[in-house]
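Colleague: Just the structure for this:
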Amino acid sequence: MALTSVKEVFEKMPEVFNPAAAAGLNMVFQFQITGNEAGEWHVIVKDNTCQVVEGAYASPNVTLTMADVDWLAMCNGTLNGMTAFMTGKLKASGDIMAAQRIPSLFPM
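Modeller: Here you go, the predicted structure:
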């Protein structure tokens with residue numbers, strides 16, 4: 001079933017979270033989504049758990065910015081994350097290597 005809204009993606013993240021992929025991680029991912037479904041969410045991964053919170057985090061390890069349509073395409077598997085980054089659809093700042101772990105942490 002395809003994810004149809006940005007909010008739905010963030011609501012689903014704790015359900016699909018893979019604690020095995022989070023071994024030893026203690027970090028915060030900040031998501032800045034633009035477009036019609038604009039918003040900010042941060043995801044705290046610590047002690048093999050995750051917490052998704054709407055709003056900004058003061059000092060995240062990595063910040064990801066992208067348009068809502070591209071975020072949904074990436075979460076639905078029709079847009080590759082590396083392709084999105086290389087074409088400027090996904091902007092990342094901070095620990096970019098941490099961002100590469102997101103697909104294994106949250107297999108959608």
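Colleague: switch to C-alpha atoms for all contacts and neighbour counts from now on
Modeller: Will do.
Colleague: Buried ones in stretch 24-43, by neighbour count?
Modeller: 27-34, 39-43 (16 or more other Cα atoms under 10 Å).
Colleague: what's it in contact with?
Modeller: 5-6, 10, 44-48, 50-57, 60-69, 71, 99 (Cα atoms under 8 Å, 6 or more residues apart in numbering).
Colleague: please redo it, this time with the cut-off set to 6 Å
Modeller: With Cα atoms under 6 Å, 6 or more residues apart in numbering as the test, stretch 24-43 has contacts from 44-46, 51-56, 60-68.
Colleague: end-to-end on that stretch?
Modeller: 16 Å (Cα to Cα, to the nearest Å).
Colleague: now do stretch 90-98
Modeller: 14 Å.
Colleague: separation between Met108 and Val45?
Modeller: Computed with Cα to Cα, the distance linking Met108 and Val45 is 17 Å.
Colleague: more neighbours, the two?
Modeller: Neighbours per residue, other Cα atoms under 10 Å: of Met108 and Val45, the larger number sits with Val45, 21 against 17.
Colleague: Which SSE is immediately downstream of the helix or strand where the more buried one lies?
Modeller: Using DSSP states H and E, Val45 sits in strand 39-46. Moving toward the C-terminus from strand 39-46, the next helix or strand (DSSP H and E) is strand 49-54.
Colleague: elements contacting the helix or strand just after that next one?
Modeller: Note on strand 49-54: by DSSP H and E, the next helix or strand toward the C-terminus is strand 62-67. When contacts are defined as 3 or more Cα pairs under 6 Å, 6 or more residues apart in numbering; DSSP states H and E, strand 62-67 sits against strand 26-34, strand 90-94.
Colleague: related to what we said a few turns ago, which one of the buried residues of stretch 24-43 is nearest Val16?
Modeller: Val43 (13.2 Å; Cα to Cα).
Colleague: which of the buried residues of stretch 24-43 sit farthest apart?
Modeller: Among the buried residues of stretch 24-43, Met27 and Thr34 lie farthest apart (Cα to Cα), at 22.9 Å.
Colleague: roughly how far apart are the spatially closest residue to Asn80 that is not a sequence neighbour and Gly94?
Modeller: Nearest residue to Asn80 in three dimensions, chain neighbours excluded: Met74, at 6.0 Å (Cα to Cα, 6 or more residues apart in numbering). Counting by Cα to Cα, the gap from Met74 to Gly94 is 20 Å.
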